[in-house]
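A.B. asks: no sequence for this one, just the structure:
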DNA sequence: CGATGTCTTGAAGCAGTTCAACCAGGGTGG
DNA sequence: CCACCCTGGTTGAACTGCTTCAAGACATCG
């Protein structure tokens, strides 16, 4: 909204933010250069490898994070080890819950990823003073809620085939922030993780993938590279519309 | 926060709001008497019978609603009729999505209920001018998101028995706004609706209820009156903790 | 009192799980 | 360079938990 100012030195956006995805489409867009400068003093960029936690389940939340690159999975785990992925986040999504001190889920990198960690207290201060930030977070919460509910339908009422197709469709619509549908992409999840997202076992996931391949809906290379051959049929296989 | 003023007539809260649950614990708590008066001019109280829609899936949203009494279910329905309940709302919850013109789900009374319908445009104006309202809505969105994700775990990874126990536990913790656990309550849902919430068939729900009854975890009268005999065991049966 | 809607119970069927074997790629070390 | 293993994925066969189909019970209501 406000251009980067360049006059007295106070208004200049931090160098580190200049090329940042979050600066342009993420939460930082709602900040003035001054606020950005203030926040960046309490922020650090960090690369994380697949499997590394951004935030643990039940841990005290001391920082928020912005995804700059890669995919982060949000998981819940039961006492006996059963696991459910309850959300996938892509750049430039924001991770963390204002107003709640404890995390009820774990956030873990699914792919090689890069995040910008921000001090909770610093951002909380900004939220209190700048309505635009709360607006941004509120809208993201709405979107995540909508996605969660859509997924509840998938988990509760779809067949294994529809579930797997739904996942492929979801990834294709989220992995590239610039386009609506990526027709070719690298799956950010292992078969085990796909199972944990869909409420299925790896074997079932594998079988359904094989079937979709045989029916020429998709092509798979190296287990991860997916090319969608017929997006309409995939959509139908996912139980979306007709 | 601000007491009802009584001096010049401008600051008096509308009579209709005086005894309202939402006024005390719901969204209207964030309003000044003036705002309350303004909003109440664009609001109407309405009783709705079980099955009546507050908001249809895919409909244009023209009003928001506050639940004053009863239980409202949020449902998603697929093209072929498969249905999933994606949320239960109790008084004094708020229904409706600011920032999105279309509803992706239907809101329908599960029990006899009473709502306060508010004009979307009037409330949107208030949201824009009063940060406290957005804060309230933001927090509710966070809570609903948290609940939706908890339920994703239930849908994806729990057995039929655990699902039914989870539902009973959920209702017992939500139906009475004043206490943590109601040990006796009337189920707001039919077996069919319970099935639609848990991703099960009515028969499976019925069988699991019977088993829980036989195991003395609960007592059931008239199919709807439930008494929880052992909340700890019910909790364990729901897959919560140990 | 039948009629209707909701719930329960039983028996058979099947989608998805479980268990087990196998396969492919990619290090690692002899 | 090959033997080795290790991880992640596939495939097959047997099993099982939930669904489906069908019948009966129970309550409410004209």
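C.D. replies: Structure received. Worth saying up front: this structure is predicted, and the values here are computed from it rather than measured. Residues are numbered from 1 along each chain as shown, chains lettered A, B, ... in the order given.
A.B. asks: Would you agree residue A:66 is in contact with residue A:90?
C.D. replies: No - using CB atoms under 8 Å, residue A:66 makes no contact with residue A:90, being 11.6 Å away. Where you see a C-beta, it was placed from the backbone N, CA and C, and this is true even at glycine.
A.B. asks: more neighbours, these two?
C.D. replies: residue A:66 (26 against 17; other CB atoms under 10 Å in any protein chain shown).
A.B. asks: quick check, the host helix or strand of that one touching chain B?
C.D. replies: Secondary structure from DSSP states H and E places residue A:66 in strand A:63-69. No - if you take CB under 8 Å from any CB of the partner chain as the test, strand A:63-69 misses chain B, and the best it gets is 13.4 Å.
A.B. asks: for that strand, packing partners?
C.D. replies: helix A:21-25, strand A:94-95, strand A:113-119, helix A:120-129 (3 or more CB pairs under 8 Å, 6 or more residues apart in numbering or on different chains; DSSP states H and E).
A.B. asks: Give me the mean pLDDT for the very next helix or strand once past the second one.
C.D. replies: When you say that, I think you mean strand A:94-95. The C-terminal neighbour of strand A:94-95 among helices and strands, as given by DSSP H and E, is strand A:106-109. For strand A:106-109, mean pLDDT is 94.
A.B. asks: Now tell me what touches strand A:106-109 from outside.
C.D. replies: Under the criterion CB atoms under 8 Å, 6 or more residues apart in numbering or on different chains, residues A:48-57, A:65, A:70-77, A:89, A:95 lie in contact with strand A:106-109.
A.B. asks: Tell me the helix or strand right after the strand holding residue A:66.
C.D. replies: strand A:71-77.
A.B. asks: Can that next one be said to contact DNA strand D?
C.D. replies: No - for strand A:71-77, no contact with DNA strand D is found by CB under 7 Å from any atom of the strand; the gap never falls below 14.1 Å.
A.B. asks: Repeat that for stretch A:78-85.
C.D. replies: No - contact of stretch A:78-85 with DNA strand D (CB under 7 Å from any atom of the strand) is absent, the minimum separation being 12.4 Å.
A.B. asks: do the same with stretch A:104-114
C.D. replies: No - for stretch A:104-114, no contact with DNA strand D is found by CB under 7 Å from any atom of the strand; the gap never falls below 11.5 Å.
A.B. asks: hey, where'd the strands end up in chain A?
C.D. replies: A:43-48, A:53-55, A:63-69, A:71-77, A:83-90, A:94-95, A:106-109, A:113-119, A:184-186, A:218-221, A:225-228 (DSSP state E).
A.B. asks: For those strands, which has the smallest mean pLDDT value?
C.D. replies: strand A:53-55 has the lowest average pLDDT among those, namely a mean of 88.
A.B. asks: Any buried residues in it, and which?
C.D. replies: Using 16 or more other CB atoms under 10 Å in any protein chain shown as the test for burial, strand A:53-55 gives A:54-55.
A.B. asks: How about stretch A:96-104?
C.D. replies: A:96-98, A:103.
A.B. asks: Identify the residues contacting that stretch?
C.D. replies: Against stretch A:96-104 from outside (CB under 8 Å, 6+ apart): A:55-61, A:63-65, A:76, A:120, A:123-124, A:127, A:137, B:138-139, B:142, B:146, B:149-150.
A.B. asks: Now do that stretch: distance from first to last residue.
C.D. replies: 10 Å (CA to CA, to the nearest Å).
A.B. asks: same deal with stretch A:101-119?
C.D. replies: With CA to CA, one end of stretch A:101-119 sits 13 Å from the other.
A.B. asks: Give me the spatial nearest neighbour of the closest residue to DNA strand C within chain A, chain neighbours excluded.
C.D. replies: Using CB to the nearest atom of the strand, residue A:204 is the residue of chain A that sits closest to DNA strand C, at 3.0 Å. In space, and not counting its chain neighbours, residue A:204 is closest to residue A:160: 5.1 Å by CB to CB, 6 or more residues apart in numbering or on different chains.
A.B. asks: what pLDDT does that neighbour get?
C.D. replies: On the pLDDT scale, residue A:160 gets 98.
A.B. asks: neighbours around it, how many?
C.D. replies: When neighbours are counted by other CB under 10 Å, residue A:160 comes out with 16.
A.B. asks: List the contacts of it.
C.D. replies: A:198, A:200, A:204-205, A:207-208.
A.B. asks: still on that earlier bit, can the buried residues of stretch A:96-104 go into JSON lines with extra columns for distance to residue A:214 and pLDDT?
C.D. replies: Below are those laid out as JSON lines (distance: CB to CB, whole Å; pLDDT from 0 to 100):
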{"residue": "A:96", "distance to residue A:214": "42", "pLDDT": "91"}
{"residue": "A:97", "distance to residue A:214": "43", "pLDDT": "85"}
{"residue": "A:98", "distance to residue A:214": "47", "pLDDT": "81"}
{"residue": "A:103", "distance to residue A:214": "41", "pLDDT": "79"}
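A.B. asks: what's the most distant pair in the residues you listed?
C.D. replies: A:98 and A:103 (12.1 Å; CB to CB).
A.B. asks: Quickly list the domain ranges of chain A.
C.D. replies: A:15-151, A:158-237 (automatic domain parsing).
A.B. asks: who wins for proximity to residue B:171 among those domains?
C.D. replies: Of all those, domain A:15-151 comes closest under CB to CB, at 19.1 Å.
A.B. asks: and the residue nearest to residue A:57 when sequence neighbours are not counted, how many neighbours does it have?
C.D. replies: Take residue A:57 and drop its neighbours on the chain: the residue closest to it by CB to CB, 6+ apart is residue A:106, 4.2 Å away. Neighbour count of residue A:106, defined by other CB under 10 Å: 20.
A.B. asks: State the distance from residue A:130 to DNA strand D.
C.D. replies: Note on residue A:130: its distance to DNA strand D, by CB to the nearest atom of the strand, to the nearest Å, is 42 Å.
A.B. asks: Now for residue A:83: which residues touch it?
C.D. replies: Taking CB under 8 Å, 6+ apart as the test, what residue A:83 contacts is A:75-77, A:196, B:157.
A.B. asks: Cross-check the contact I'm expecting between residue A:127 and residue A:137.
C.D. replies: Yes - between residue A:127 and residue A:137 a contact is recorded at 7.1 Å, counting by CB under 8 Å.
A.B. asks: What residues are bridge-paired with the spatially most central residue of chain A?
C.D. replies: By CA atoms, centre = their mean, the mean C-alpha position of chain A lies nearest to residue A:89, the distance being 0.5 Å. Counting by DSSP bridges, residue A:89 is bridged to residue A:72.
A.B. asks: Enumerate every residue touching it.
C.D. replies: Contacts of residue A:89 (CB under 8 Å, 6+ apart): A:67, A:71-74, A:95, A:107.
A.B. asks: Pipe the residues you listed into a markdown table and attach neighbour count per row.
C.D. replies: Shown next, in a markdown table, are these (neighbours: other CB atoms under 10 Å in any protein chain shown):
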| residue | neighbour count |
| --- | --- |
| A:67 | 25 |
| A:71 | 23 |
| A:72 | 25 |
| A:73 | 23 |
| A:74 | 24 |
| A:95 | 22 |
| A:107 | 21 |
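A.B. asks: CSV for the domains of chain A, including distance to residue B:171?
C.D. replies: Listed next are the domains of chain A as CSV, based on distance: least, CB to CB, whole Å:
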stretch, distance to residue B:171
domain A:15-151, 19
domain A:158-237, 23
